[in-house]
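Enquirer: Sequence plus the predicted model coming up.
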Amino acid sequence: MAHPSPPVIGIIGGSGLYQIDGLQDVTWRKVASPFGEPSDELCFGRLEGTPVVFLPRHGRGHRLSPSDINFRANIDALKRAGVTDVLSVSAVGSLREELPPGTFVVVDQFIDRTFARTKSFFGTGCVAHVSMAKPVCTRLGDAVMGAMQGLEIPAKRGGSYLAMEGPQFSTLAESELYRSWGCSVIGMTNMPEAKLAREAELCYATVAMVTDFDCWHPGHEAVTVDQVVSVLLANAGKARALVKDVVPRLGQHTGPCRHGCQTALENALITAPEAMDPTVVQRLDAVAGRVLKR
Ligand SMILES: CSC[C@H]1O[C@H](OP(=O)(O)O)[C@H](O)[C@@H]1O
Ligand SMILES: Nc1ncnc2[nH]cnc12
């Protein structure tokens, strides 16, 4: 059975996006999660009538380093808040000449090179394997591309996002390796976020805002935080305009997502009912209640 609820748009704001413009009926509220502490309180509001829930990924004031973000608590809290669609807005380095700083890339693939993060809601006592073949929602990507066209934001559809552990930036050898793999952009946060969104049956898409050429480009200095921040300040205005435009577009959607994001768990659970651990099952109430309660 597909998700019957009307759209509630979750925005996970990365570096440089710590608030949303034009939000009405704003309240910040703590949402408790059995998976621990989300990055911050959630900001609830409306844009042209469409419900929005905003979460600053690194917390207000950018307190959290990528490895310290509790990605499970973030996604679980968004699901508990009723979110159906998650738009991740993230700063990235470019691994391609044709994607200069200022370009917004709607990526369609990820390579996960992170290694110090908890990557699944499931595990001993309740095992599930969801498909990550198509990790982003085409419907969300279409809406974002439509909004960017109107706003004249330099945009590219498609490309692979390399998720690295960080917090240090890459060595030149690593940057060249990722380029040789055909990756388009590099960042530190979209994994395991995208995997967890899929497990929670949320539609997910990323807008990757290019801030730098990492360290591989002979014509550019190796990336520094100063450089990222100065491009981010320019990009953040565009990102806020994009969010303001895209949320009402997504709010018009009716019915279940036809790309299957909201039924990802349909054939994913493998643990026999009698082998399930009730404590583990209990904390999956928001993420997997749809398939565990029937
Ligand atoms: C400030 S540069 C590195 C930092 O920026 C990106 O964060 P986010 O994806 O949340 O925008 C990158 O992944 C690093 O965490
Ligand atoms: N070059 C880079 N590497 C990893 N994360 C980034 N975020 C912004 N620029 C980045």
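Expert: Happy to help now that I have it. Ligands and ions are numbered 1, 2, ... in the order given.

Enquirer: near ligand 2, which residues of this protein?
Expert: Within the chain, the positions lying close to ligand 2 (Cβ under 6 Å from any ligand atom) are 91-93, 164, 169, 186-188, 211-212, 214, 223, 228. Where C-beta positions appear, they are placed from N, C-alpha and C, glycine not excepted.

Enquirer: Out of those, who's the most crowded?
Expert: Within the residues of the chain next to ligand 2, most neighbours by other Cβ atoms under 10 Å means residue 92, with 33 neighbours.

Enquirer: for the host helix or strand of that residue, packing partners?
Expert: Applying DSSP states H and E as the criterion places residue 92 in strand 85-94. Using 3 or more Cβ pairs under 8 Å, 6 or more residues apart in numbering; DSSP states H and E, the elements in contact with strand 85-94 are strand 9-13, helix 138-151, strand 185-187, helix 190-199, strand 203-212, helix 225-251.

Enquirer: how about 6 Å then?
Expert: Applying 3 or more Cβ pairs under 6 Å, 6 or more residues apart in numbering; DSSP states H and E, we find strand 85-94 packed against strand 9-13, strand 185-187, strand 203-212, helix 225-251.

Enquirer: Check which strands are paired with that strand and give the direction for each one.
Expert: Paired with strand 85-94 in the same sheet, following DSSP bridges, are strand 9-13 (parallel), strand 185-187 (antiparallel), strand 203-212 (parallel).

Enquirer: hang on, the earlier thing: so which of the helices and strands packed on strand 85-94 is nearest residue 41?
Expert: Residue 41 lies closest to strand 9-13 among the helices and strands packed on strand 85-94, at 13.2 Å (Cβ to Cβ).

Enquirer: By proximity to ligand 1, which residue of this structure wins?
Expert: Relative to ligand 1, the nearest point of the chain is residue 14 (2.2 Å; Cβ to the nearest ligand atom).

Enquirer: OK, contacts around that residue?
Expert: Contact analysis of residue 14 by Cβ atoms under 6 Å, 6 or more residues apart in numbering lists 57, 89, 90, 91.

Enquirer: and these, which are buried?
Expert: With burial judged by 16 or more other Cβ atoms under 10 Å, the buried subset of the contacts of residue 14 is 57, 89, 90, 91.

Enquirer: Touching, the last one and residue 57? I think so.
Expert: Yep, that's residue 91 we're talking about. No - counting by Cβ atoms under 6 Å, residue 91 does not reach residue 57; the two are 10.3 Å apart.

Enquirer: how close does the residue nearest to residue 51 when sequence neighbours are not counted sit to ligand 2?
Expert: In space, residue 51 comes closest to residue 8 once its chain neighbours are excluded; the distance is 4.6 Å by Cβ to Cβ, 6 or more residues apart in numbering. Residue 8 sits 28 Å away from ligand 2, going by Cβ to the nearest ligand atom, to the nearest Å.

Enquirer: Help me confirm that residue 8 comes into contact with residue 52.
Expert: No - Residue 8 is not in contact with residue 52 according to Cβ under 6 Å; the separation is 7.6 Å.

Enquirer: so what's the residue positioned nearest the centre of the chain up against?
Expert: Nearest to the geometric centre of the chain sits residue 88, at 3.5 Å (Cα atoms, centre = their mean). Residue 88 is in contact with 12, 206, counting by Cβ under 6 Å, 6+ apart.

Enquirer: partners of it in the sheet?
Expert: Beta-bridge pairing for residue 88 (DSSP bridges): residue 12, residue 206.

Enquirer: now it: how far from residue 239?
Expert: 11 Å (Cβ to Cβ, to the nearest Å).

Enquirer: Nice, that's everything, thank you.
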